[in-house]
Every structure is written in C-alpha cells, then in structure tokens.
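Peer 1: structure of the sequence below:
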Amino acid sequence: MTDLALSIGCFRYDTTAALFDGSVTVGGADATVHSAATLPEIFERVIRRNEFDVAELGLTFYLRLLETGLPYVALPIFPNRVFRHSCVFVNTHAGIARPADLIGRTIGEFGTYGQDSGVWAKGILMDEYEFEPRKNRWVIGGLDQTSAPFDFIPHPHPADVEVTAAPEGATLGAMLDAGEIDALFSANVPQCVLDGSPNVARLFPDFEPLERDYHRRTGIFPIMHTVVIRRDLIDERPGLAQEVYRAFSRAKQDAADRYRRNRRLYEVQTMIPWMNALVERNGEQFDEDWWPYGIPANRTTIDTYLRYHYEQGLSSRRWRIEDAFAPELLDIA
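Peer 2: Predicted coordinates:
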C-alpha cells in the first residue's frame, strides 16, 4: 500500500490519545487526527459533509443512517463505553423512588429520542424492571444549553410514543431542576447535579454495585460509539480496514498498559485518591483486556444493543452484526 493521506475524526480519550500524539500510526497512511469541543459536532461533520475518512460515530446515529444509505461502514472499534444505571436522573419532589415510579412521567432526553445512553438505559430498565417507554412523555432538547433536536439525523420512534421538543429557550437540566420534567436520561451529568441542587438526584443513587452486578450477570459492558470508515476507501485499499483497526487497538493497549505499570506507583499520575484500589478491584472483575475491541469479545453486548434499537422502534428491522460491521473484520480479535 502506498502512503495515503487519511483524516480521522474522534474524541481524545485514554483509548485514542496515542493517535493524537503520534506515538501510534496507521500503517501505510499519513493520518491526521481531528477532534471537536463536543461529540455531536464530530458526528454532524461526518453525517452532513462526510468530512473524515475514519470517524467516531454514535451507534444509534450509525444505525439510523444505515437504513437510508451511508457512505461509511463500522469497524469493531469501541472508544466510548459507559455503564448506564447512573444516567437516569429524577426530580426529588416527583415521588420517583424506584423504576416503577417512572410510569406515566415526563422524561427528558438530549438531542434525540434514543440517544446511545438512552437506548441502553431504556433497554436495561425494560429487561430488568418492566419499564415501558410508550407509557411516558418524552421531551427532547439541549442539556444545559438550549438546542433543538438534532437536525442532521432521522428521528424514528413508535407511533404510540409521545415525543416533543423542549420549549424554545428551555434546557432539560433547568427543566428537571424546576420540576417541569420528572426525569432525565442523559449521557452527561447535568450542571444542576454538579452544582449540588437538592431538587435532582439519580434514580439509582448507589449505582456502582448495581452496574457491577449487571456486568457479572450479563457480561455486558455497554458500548456507546463505534468507528466508521469510508466504504469506497476500503474498496480501493484492501487491508486498510485492518490497519485502522490495528492502530486503534494499539492506542487502546498503550493506555491500558500505563494503568498496569502505574499500579506500582499507586496510580500517582492521577489526582484521584484510592485510584489504585479501584484499578485492583476492577482487575478482579474484568478480563485482562477489560476494554476489548473486535466482534468475538463483544458479540453479546453488540447484539443486545441491536435488539434494544429494534425493540424501541429506532430500527425498522432487527439488524444482525454481520449486516452492520465490515465483513473483513468480523472475526478479528
């Protein structure tokens, strides 16, 4: 393969930092890595302008556009994963003490009905607590800054689910704090929570034991985002998909190795007390590769997400893993 100028758009995480600093490169390519202030900005640049050759993209954004035609295909690279029991916030005066109390309530969600975090939260609540999204009213808007629902993706939802936009000038965080909505499913922690408002709390205040138990029982570590690559590029450049996969994998492995090495130093490169104890506790629960890429190690997690997407009316068909990811990487580990 001759050298190729390759543009990559993604957020800077532990898992991608080595791509940004150039210590990991894509074989056969001269890659330039770009980011943005927020993840939706990256997604919009991919979707509106096909701006990047390789890019991070939320799973729900990818699946919605897969139905209508998208010049990208997903690689089994997952730079963003978060357990999501912790992402459901409630107004403390609304009388919501347990999942069953969400029935009939008005719930906010950032950007679109069925954001990646919301798909996971709804799905987990449906599987484990008999939650039914159709029994709620959903309000879509900006979290702490005013924003209309995303206008660069389709907004499918079942006909029997009531979904409206937040009032002009309103933010979901402020609406939750004021009791104008009863609950909020959010990928990010609302500012009112960060500020210590007594009016807002998590549905599951002690969420870590619940999320650890969920992982032990299911083996699922929820995936939010994947990485996509231009279809025409991998058609023209056999082996490029594998090179991109290897580069992202090496960058992720470099980050994991730093945590392993720094156990000797009690993780003093961070400012977080007891970080070493957390790393050791996680080591007891997770496999050696606790953040795996590839289909084989993530098949249950991916298939669960595809099921949730369909059950929640966000897909017109029940996608198979083989339909959604680059065929040449289906067996790579």
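
Peer 1: so how far is Ile229 from Ile77?
Peer 2: Separation of Ile77 from Ile229 (CB to CB, to the nearest Å): 10 Å. The C-beta positions use only the backbone N, C-alpha and C, and glycine is treated the same way.

Peer 1: shared neighbours, the two?
Peer 2: Common contact partners of Ile77 and Ile229 (CB atoms under 8 Å, 6 or more residues apart in numbering): Val244.

Peer 1: do a quick rundown of the helices in the stretch 1-150 of the chain.
Peer 2: With helices called from DSSP state H, counting those that start in this stretch, the stretch 1-150 of the chain shows them at 17-20, 39-49, 59-68, 116-129.

Peer 1: what would those look like in JSON lines with distance to Phe185 and mean neighbour count?
Peer 2: Below are the helices of the stretch 1-150 of the chain laid out as JSON lines (distance: least, CB to CB, whole Å; neighbours: other CB atoms under 10 Å):
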{"stretch": "helix 17-20", "distance to Phe185": "29", "mean neighbour count": "20"}
{"stretch": "helix 39-49", "distance to Phe185": "16", "mean neighbour count": "18"}
{"stretch": "helix 59-68", "distance to Phe185": "13", "mean neighbour count": "21"}
{"stretch": "helix 116-129", "distance to Phe185": "4", "mean neighbour count": "22"}
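
Peer 1: now the ones you listed in CSV, with distance to Ser186?
Peer 2: What follows is these, written out as CSV (distance: least, CB to CB, whole Å):
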stretch, distance to Ser186
helix 17-20, 25
helix 39-49, 13
helix 59-68, 15
helix 116-129, 7
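
Peer 1: now do the contacts for the closest residue to Trp291 other than its chain neighbours.
Peer 2: In this structure, Trp291 finds its nearest non-sequential neighbour in Lys252, 6.1 Å apart by CB to CB, 6 or more residues apart in numbering. Taking CB under 8 Å, 6+ apart, we find Lys252 in contact with 14-16, 79, 291, 293.

Peer 1: how does it look with 10 Å?
Peer 2: Lys252 makes contact with 13-19, 24, 77-79, 289, 291-293 under the criterion CB atoms under 10 Å, 6 or more residues apart in numbering.

Peer 1: is Ala255 in contact with Asp21, as I believe?
Peer 2: No - with contact defined as CB atoms under 10 Å, Ala255 does not count as touching Asp21 (11.5 Å).

Peer 1: those two: who's more crowded?
Peer 2: Ala255 (16 against 12; other CB atoms under 10 Å).

Peer 1: what's the more buried one sitting at in phi/psi?
Peer 2: phi -70, psi -40 (degrees, to the nearest 10).

Peer 1: so who does the closest residue to it other than its chain neighbours touch?
Peer 2: In space, and not counting its chain neighbours, Ala255 is closest to Asp14: 3.9 Å by CB to CB, 6+ apart. Contacts for Asp14 (CB under 10 Å, 6+ apart) come out as 79, 251-252, 254-256, 258-259, 291.

Peer 1: the strands in this structure, which residues?
Peer 2: Per DSSP state E, the chain carries strands over the ranges 4-9, 29-34, 54-58, 72-75, 88-91, 106-110, 137-141, 162-165, 183-185, 200-202, 225-230.

Peer 1: who does the second one touch, helix- and strand-wise?
Peer 2: With contacts defined as 3 or more CB pairs under 10 Å, 6 or more residues apart in numbering; DSSP states H and E, the packing partners of strand 29-34 are strand 4-9, helix 17-20, strand 54-58, helix 240-261.

Peer 1: now distance to Leu39 too, for these, in a markdown table please.
Peer 2: Output for the helices and strands packed on strand 29-34, formatted as a markdown table (distance: least, CB to CB, whole Å):
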| stretch | distance to Leu39 |
| --- | --- |
| strand 4-9 | 10 |
| helix 17-20 | 15 |
| strand 54-58 | 7 |
| helix 240-261 | 16 |
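
Peer 1: please identify the deepest-packed of the ones you listed.
Peer 2: Among those, strand 54-58 has the highest mean neighbour count (mean count of other CB atoms under 10 Å), at a mean of 26.

Peer 1: could you dump that strand to PDB, C-alpha only?
Peer 2: Only the C-alpha atoms of strand 54-58 are listed here, as PDB (Å, rounded to 0.1, in the frame of the first residue of the first chain):
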ATOM      1  CA  VAL A  54     -12.400   7.500   9.500                       C
ATOM      2  CA  ALA A  55     -14.500   8.800  12.400                       C
ATOM      3  CA  GLU A  56     -16.100   8.000  15.700                       C
ATOM      4  CA  LEU A  57     -19.800   7.800  15.500                       C
ATOM      5  CA  GLY A  58     -22.600   7.000  18.000                       C
END
